[in-house]
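In: Here is my input, please return the structure:
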Amino acid sequence: MHDRRGDRRDARVRTPLDRTRARAGAALLSPAATVLTLTTLLPLLVAFGLSFFRYDMLSAPAFVGVRNYTSTFADGSFWAAIGHTLYFAGVQVPVGAVLALAAALLLNQRIAGRDVYRTLVYLPQAASYVVVALIWSFLYDPQVGPVDALLRAAGGPSLPWLTSTHLAMPALILMSVWRNLGYFMVIFLAGLQGIPRELYEAAAVDGASAVARFRHVTLPLLRPVTGFVLITWFLGALQMFVQAYVMTGGGPVDATTTVVYRIYDDAFKFLQVGRASAVAVVLFVVVAVVSLLTRRVTRRARGFAG
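Out: Residues are numbered from 1 along each chain as shown. A predicted model of the protein is given here:
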């Protein structure tokens, strides 16, 4: 009779080469693991601990239990910040993903100057958010900005882009889409170039139109890439801060105050570090749950497509 336990014992026997490879792998991973621990895991643990204290950075922490959480959930401005964050992410991500895919499809064709166009679309990604936000603040300026100058030249009105409660968030979304478009276009390009040309040729022989080939060949095979783009972009959008900080200061009338901006205000403006830590922990839980759910949905969709 075959001894499965013996097979398992043999499988656990490690040769000197296996141990050397394991040590080499650990050595290669240790710098990244150290940075991750110091910059992510340790601050998260500290924030979790401080969320149970009243702390203003000027006096000793005082334990308050879950009071920071209960006061946060009872605060209407916190839920408003949640709504602003979801609005920012929920509009930016699908619009940006469609535009990034369209740009990738266009720049995947054999056209003159294709590499130049790819570089120009990707170029904003090379600049920091602060620089891009300052540039777009100038573009949106109603007095000297070229956006309003073009509107006036076309006979349109001058718009208060960053001072209107209705226009401020769309203005930030437009800037963020422009800044991130090139990065996700490159990811879509990589996915498109991984699709075998033979599939398109076979579909064309069967009489499929360009639209049919896109629908039945491109989209199904791009599903894993699309899932990655949507998850990555959405999780990044949930943590939006720099755009609001530089361009609107969270206004007007808190119209662009997001969850991360709320954390900044609580910690450094009102010196409520414990409450800011509680909001940070809530944001971490939300991001983790959204990440797990989207990964599960993407995995099911991939399996259904397969």
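In: Tell me which stretches of this protein form strands.
Out: Counting by DSSP state E, the segments of the chain that form strands are 53-54, 62-63.
In: helices and strands around the last one, which ones?
Out: Using 3 or more CB pairs under 8 Å, 6 or more residues apart in numbering; DSSP states H and E as the contact test, the elements touching strand 62-63 are strand 53-54. Glycine gets a C-beta too; all of them are placed from N, C-alpha and C.
In: which secondary structure elements does the strand it packs on contact?
Out: strand 62-63, helix 67-73.
In: The last one: which residues count as buried?
Out: Buried residues in helix 67-73, counted by 16 or more other CB atoms under 10 Å: 67-69, 72.
In: Turn the strands of the chain into JSON lines, including mean neighbour count.
Out: JSON lines is the format used below for the strands of the chain (neighbours: other CB atoms under 10 Å):
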{"stretch": "strand 53-54", "mean neighbour count": "18"}
{"stretch": "strand 62-63", "mean neighbour count": "10"}
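In: So for L292, which of the ones you listed sits nearest?
Out: strand 53-54 (28.9 Å; CB to CB).
In: any idea of the mean pLDDT in the closest one?
Out: Strand 53-54 shows a mean pLDDT of 94.
In: Would you list the strands that that strand pairs with, along with their directions?
Out: strand 62-63 (antiparallel) (DSSP bridges).
In: now the partner strand, how far from the centre of its chain.
Out: Centroid separation between strand 62-63 and its chain, computed with CA atoms, centre = their mean, to the nearest Å, is 35 Å.
In: same deal with stretch 148-161?
Out: Distance, centroid of stretch 148-161 to centroid of chain: 32 Å (CA atoms, centre = their mean).
In: follow-up on the earlier one: got CSV for the helices and strands packed on strand 53-54, with distance to A33 too?
Out: Formatted as CSV, the helices and strands packed on strand 53-54 follow (distance: least, CB to CB, whole Å):
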stretch, distance to A33
strand 62-63, 32
helix 67-73, 30
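In: can you list those in a markdown table and add mean pLDDT?
Out: What follows is the helices and strands packed on strand 53-54, written out as a markdown table (pLDDT from 0 to 100):
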| stretch | mean pLDDT |
| --- | --- |
| strand 62-63 | 92 |
| helix 67-73 | 93 |
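In: quick revisit: can you tell me which of the strands of the chain comes nearest to A208?
Out: Comparing these by CB to CB, strand 53-54 comes nearest, at 63.6 Å.
In: ok, L189 - contacts?
Out: L189 makes contact with 104, 107-108, 118 under the criterion CB atoms under 8 Å, 6 or more residues apart in numbering.
In: Please pick the buried ones from these.
Out: 104, 107-108, 118.
In: if we can go back for a sec, tell me which two in the buried residues of helix 67-73 are the farthest apart.
Out: Between any two of the buried residues of helix 67-73 (CB to CB), the greatest distance is 9.4 Å, for R67 and T72.
In: Name all residues that make contact with A203.
Out: A203 neighbours (CB under 8 Å, 6+ apart): 212-213, 216-217.
In: Which of these fall in helices?
Out: Residues of those located in helices (DSSP state H): 212-213.
In: List only buried entries from the contacts of A203.
Out: Among the contacts of A203, those classed as buried by 16+ other CB under 10 Å are 213, 217.
In: Of the contacts of A203, which is the nearest to A267?
Out: Of the contacts of A203, the one sitting nearest to A267 (CB to CB) turns out to be V217, at 50.1 Å.
In: for M169, what are its contacts?
Out: Counted by CB under 8 Å, 6+ apart, M169 has contacts 84, 87-88, 255-256.
In: ok, which pair from the residues you listed is furthest apart?
Out: It's F88 and A255 that sit farthest apart of the contacts of M169, by CB to CB, at 10.9 Å.
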